[in-house]
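Chemist: What follows is a predicted protein model with its sequence.
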Amino acid sequence: MSDTPLHNRDVEQDVRELGALLGDVIRDQSTDDAFDSVETARRAAIDYRRGDADSRAALESEVTEMSASLESEVARAFTTYFELINLAEERERVRAIRQGNEAGTVADSIAAAVDALDEADADAETVRGVLDDVLIEPTFTAHPTEARRKTVKAKLRSVAGHLRTLDEGRLTSDEEAALERALDAEVTSLWQTPQLRERAPEVTDEALNVQWYLENTLFDVVGEVYDELESELGEAYDDLSVPKLFEFRSWAGSDRDGNPYVTPETTAKTLERQRSVVLSKYRTALKRLSGVLSQDATRLDLGEEVRERLEVHADALPAAAEEAETRYPNEPYRQLLKLMRERVDRVGSVRPGGYDDHGALLADLEVIADDLRRNGAETVAAEHVDPLARQVSTFGFSLASLDLRDHQANHTQAVTEALAREGIDYEALDEQDRVELLTDAILEADPVVDVGDRTGLSDTAAKVLELFDSTAEWQREYGVDAIDTYCISMCEEPSHVLEVLFLADQAGVADLPGHCGLDVVPLLETEYALSGARRIMGTLFENEAYAAAVEARNGTQEIMLGYSDSNKENGYLAAQWSLHRNQKRLAAICEDYDIDLRLFHGRGGSISRGGGPMNDALLALPQETVTGQVKFTEQGEAIAEKYANPDIAERNLEQMLNAQLRARYRAVESDEDPVPEAWHEAMETAADAARAEYRDLLETEGFVSYFEQATPITVIEDLNLGSRPASRSEERSVEDLRAIPWVFSWTQARCIIPGWYSLATGLEAYLAEGGDIEMLREMYNGWPFFRTMIDNAGMSLARTDLEIAAGYADLADEELRDRIFPRLTDEHDRARDLVLQITGDDGLLHREWLEENLARRNPYVDPLNYLQMKLLGRDDHTEMEARTLRLTVKGIAAGMKNTG
């Protein structure tokens, strides 16, 4: 270990200097009054939080007396402050990672996972089986929770780059001064840049956003994770090769559920753009590799496989082969690489000779790597060829495979109308008859309907048929792997799944038995669907047509679980238990039918929507569901937080891999559920009572009105966060509202009820029926699911500030406030007390850095909350006030580091 310090700075210095720099910029770019107002509000908030003031009267007074122009400047100042401080905290995370790696003390690392396997006496064959089972599929969505403009994000990444150089570089005084000037210029430019979008982002913008992280971060760091795993395994086990462990997927540009702006044209553009990006990356890498592999043929024992590849490529591309031989005489690797580049260039081109698929490119790279090793150049193969092979294996020719998604009602309508043209009254059939009809139609040799003929159909039906028709074209053009999953929102019946398979069959995407180009994925998100899982999946697995489709997809059934809507429907505790219990049920159903299960976890960024530390979540899954394959959504601001910085992105991937390797080994070694039945019974009792209390709150007369009056939901709906509407229809109800704005609104108002409401009622119901707190402590210490649920609730409770929430409650009608807000505070206080009793801790947060984070942020969020409340209290807003109000939403989101 080197004695040279890895870093030149710490988080306190970064925060202090960035804050001072912003203050200087405000002085220069705004007015003395604006600077003084920001400072007064800041100091008043800090004084109260530190206990140096008895109330927030000074803060309230300062905010109350602000003019409209001062309100705007103050909102901008605190919003910009949080954007900069977030970068300082990101840098601190990188420091912790690098220092931990250097000292060998990083928890949840790949080294720790391999050590755990070794200490458990796992033999090489068992570890090989675990590796073969594991496939981790992060799936990036375009859900509208990213509050920052792309331009703002670009400037912030520039600031982050300057901070890194100052922190990690060995700089002269002049170099450091130049960097500080560049930092000053970037912060000035950031201050002068509009924070608010003038238009909603288009679907293309969202797809480009996802593509950025894949192209600029993940494409490179995934190889580092593989390298580390291979190195650690090599020390503990002999002759263990590492298979493909990661696959990245995306919904951006292909998720149609509730988004009328996702069209076949946007999906086609996304597919083409992603292919173009990844092929360009390969061309660059192959060119760079050509500069390395300049070995002289006279000094090589060239293998027959290399000669064969040269001959094959020369037959396909004779002119290019002649040019390669002329340019690189006696340099066979360079000749082969030149031909490989030419074949990559021709993928998707009208010119013949391009690679048919990425497997062929991968095979060529493996031939080169093997030949290098045979010639004693192991380090050259490991350093230069293997990383590219890993990238090709992971990203293919599509960069990220696209998932299609739409609402089941749209499929039903399309099938109904298409069959009506053939004289079949599908709408009049009951569920059993629908299943029989669809099965017979799928198994017929000839199509029953023409998906290419959309005359006379409604707009909805025509769009659905066009989508399936287009999917067949996309798979021919880009390969089946580029777009091979179809997710059905609000799936509640077997016929909802068979309708999608029927349409795929009619379009030629499926040709059973033998070929099915789609994984048809039911999204189970309502209590009716989850409790009816055996009815739905059992019917499908026993169905001749669907069984053939599953067999054609390697005997694997993917099932998606909707965390967001489940929480919104049932409340935190009941939703968590329902999802956990039903995962076990789905595993049992699949085992009964000898089907391999792949669970797709529809997680959001917030705790209530399934968020929280990913490694904890993976280890808390029911043991019988850990098949090795796991898929989960990555959404909104969580994508930027996890994947914008390469060091943090690599850390996230290694934590996922650590958890999945350990969990899969545990499942392989023991297929028995180690959780006592009494613990299950305790959760059943608690969940029933929690759900009843939560539903009673939502169904309380006037609750929706209270929600509208005591949160900024009406502002959030107009924020231009994403291309998708905030509600599914024009109706105003909790059920109709999308889960993201629901959580976003409560988070802004500092009353995060989606993360804890009815937890206390549920646990108290268990205690009232003869349970005891000691068993809850045992559950916490011995059951990862329960521990994760309690810890995550603790985070939501800690982030809730009832004093500020009371100010938002005062915006509601007095009668509504007096009926509803005390109910929320009472549940919060009881939940807090119970969490502390169960954990045995003095505080709600178990991570010191998180406590420091909240302590650093809270005083700066408070002025934005008071300013937002002031503006929400007005019936009418000038254009400037409306913009300021929207800016407070963005500022609080940056300060809370969370939207929906």
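Modeler: Yep, that arrived. Keep in mind it's a predicted model, so treat the numbers as computed, not measured. Residues are numbered from 1 along each chain as shown.
Chemist: Show me where the stretch 151-300 of the chain has its helices.
Modeler: For the stretch 151-300 of the chain, applying DSSP state H, counting those that start in this stretch gives helices covering 173-192, 203-213, 219-236, 264-292.
Chemist: Check which helices and strands the last one sits against.
Modeler: This means helix 264-292. The contact analysis (3 or more CB pairs under 8 Å, 6 or more residues apart in numbering; DSSP states H and E) places helix 264-292 against helix 203-213, helix 332-345, helix 386-395, strand 401-407, helix 459-478. C-beta: built from backbone N, CA, C; applies to glycine.
Chemist: Please identify the most buried of the helices of the stretch 151-300 of the chain.
Modeler: Mean neighbour count (mean count of other CB atoms under 10 Å) peaks for helix 203-213 among the helices of the stretch 151-300 of the chain, with a mean of 21.
Chemist: pLDDT averaged over it, what's the number?
Modeler: For helix 203-213, the mean pLDDT works out to 87.
Chemist: helices and strands around that helix, which ones?
Modeler: helix 264-292, helix 636-643.
Chemist: Just put those helices in JSON lines and tack on distance to Ala41 and mean pLDDT.
Modeler: Listed next are those as JSON lines, based on distance: least, CB to CB, whole Å; pLDDT from 0 to 100:
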{"stretch": "helix 264-292", "distance to Ala41": "44", "mean pLDDT": "96"}
{"stretch": "helix 636-643", "distance to Ala41": "25", "mean pLDDT": "82"}
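Chemist: which one of those helices lies closest to Leu767?
Modeler: When the helices and strands packed on helix 203-213 are compared by CB to CB, helix 636-643 sits nearest Leu767, at 34.8 Å.
Chemist: Could you tell me the angle between that closest one and helix 203-213?
Modeler: Interaxial angle of helix 636-643 relative to helix 203-213 (axes from the mean of the first three to the mean of the last three CA atoms, to 10 degrees): 20 degrees.
Chemist: Model confidence at the residue in the chain sticking out farthest from the centre, what's the number?
Modeler: Note on the chain: the largest C-alpha distance from the chain mean falls to Thr298, namely 51.5 Å (CA atoms, centre = their mean). For Thr298, the model assigns a pLDDT of 87.
Chemist: so who does it touch?
Modeler: For Thr298, the contacting residues are Asn330, by CB atoms under 8 Å, 6 or more residues apart in numbering.
Chemist: that's a strand at Asp875, yeah?
Modeler: No. Looking at Asp875 with DSSP: H, G, I helix; E, B strand; the rest coil, it is coil, so not inside a strand.
Chemist: do you know how far it is from Gln709?
Modeler: Note on Asp875: its distance to Gln709, by CB to CB, to the nearest Å, is 12 Å.
Chemist: quick one, which of the two is more surrounded?
Modeler: Gln709 (19 against 4; other CB atoms under 10 Å).
Chemist: Would you mind measuring from that one to Asp829?
Modeler: Using CB to CB, Gln709 is found at 23 Å from Asp829.
Chemist: With Asp174 instead?
Modeler: 58 Å.
Chemist: Am I right that Phe632 sits in a helix?
Modeler: No. With three-state DSSP as the criterion, Phe632 is strand rather than part of a helix.
Chemist: Could you check the pLDDT of it?
Modeler: 91.
Chemist: Count the residues that sit near the nearest residue to it once chain neighbours are set aside.
Modeler: Closest residue in space to Phe632, ignoring its immediate chain neighbours: His601 at 4.1 Å, by CB to CB, 6 or more residues apart in numbering. Applying other CB under 10 Å, we find 20 residues neighbouring His601.
Chemist: is it true that Pro522 lies in a strand?
Modeler: Yes. When three-state DSSP is applied, Pro522 is found to be in a strand.
Chemist: State the phi and psi torsions of the residue nearest to it when sequence neighbours are not counted.
Modeler: Excluding the flanking residues, the one nearest Pro522 by CB to CB, 6+ apart is Cys491, at 3.9 Å. Dihedral angles of Cys491 (phi, psi; degrees, to the nearest 10) stand at phi -70, psi 130.
Chemist: Next, the contact list for Cys491, please.
Modeler: Here Cys491 is in contact with Gln408, Val497, Pro522, Leu523, Leu524, Ala529, Ile536 (CB under 8 Å, 6+ apart).
Chemist: and which of the residues you listed is nearest to Val63?
Modeler: Nearest to Val63 among the contacts of Cys491 is Leu523, at 43.7 Å by CB to CB.
Chemist: Next, count neighbours for the closest one.
Modeler: 24.
Chemist: Quick check: it touching Met490?
Modeler: Yes. When contacts are counted by CB atoms under 8 Å, Leu523 is listed as touching Met490 (7.0 Å).
Chemist: Common neighbours of the two, please.
Modeler: With contacts defined as CB under 8 Å, 6+ apart, no residue is adjacent to both Leu523 and Met490.
Chemist: What number of residues are in the vicinity of Glu717?
Modeler: Per other CB under 10 Å, the neighbour tally for Glu717 reads 16.
Chemist: pLDDT score assigned to it?
Modeler: Looking at Glu717, its pLDDT stands at 77.
Chemist: got it, and Phe248?
Modeler: If you check Phe248, the pLDDT there is 96.
Chemist: from now on call the first residue 5
Modeler: All right, first residue 5 from here; so that's Phe252.
Chemist: May I have the phi/psi pair for the closest residue to it other than its chain neighbours?
Modeler: Using CB to CB, 6+ apart and skipping residues adjacent in sequence, the residue nearest Phe252 is Ala404, 4.5 Å away. Main-chain torsions, Ala404, degrees, to the nearest 10: phi -150, psi 130.
Chemist: my guess is Ala404 meets Pro142, correct?
Modeler: No. Between Ala404 and Pro142 there is no contact under CB under 8 Å: 9.2 Å.
Chemist: Quickly find the element holding Asp37.
Modeler: Taking DSSP states H and E as the definition, Asp37 sits inside helix 36-54.
Chemist: Let me fix that, I meant to ask about Glu676.
Modeler: Residue-wise, Glu676 maps onto no helix or strand under DSSP H and E.
Chemist: ok, now the one 10 residues further on?
Modeler: Of the helices and strands defined by DSSP H and E, Ala686 is found in helix 681-702.
Chemist: Take that helix, keep the C-alpha atoms, and write them as CSV.
Modeler: What follows is helix 681-702 as a C-alpha-only set of coordinates in CSV (Å, rounded to 0.1, in the frame of the first residue of the first chain):
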residue,chain,number,x,y,z
GLU,A,681,-43.9,-19.8,10.4
ALA,A,682,-44.6,-17.5,13.4
TRP,A,683,-42.8,-14.7,11.7
HIS,A,684,-44.9,-15.1,8.6
GLU,A,685,-48.1,-15.1,10.8
ALA,A,686,-46.9,-11.9,12.5
MET,A,687,-46.6,-10.2,9.1
GLU,A,688,-50.0,-11.5,8.0
THR,A,689,-51.6,-9.9,11.0
ALA,A,690,-49.7,-6.7,10.7
ALA,A,691,-50.3,-6.4,6.9
ASP,A,692,-54.1,-6.9,7.2
ALA,A,693,-54.4,-4.2,9.8
ALA,A,694,-52.0,-1.9,8.0
ARG,A,695,-53.8,-2.2,4.7
ALA,A,696,-57.2,-1.5,6.3
GLU,A,697,-55.9,1.6,8.0
TYR,A,698,-54.2,2.9,4.8
ARG,A,699,-57.3,2.3,2.7
ASP,A,700,-59.4,4.0,5.3
LEU,A,701,-57.2,7.1,5.1
LEU,A,702,-57.4,7.2,1.3
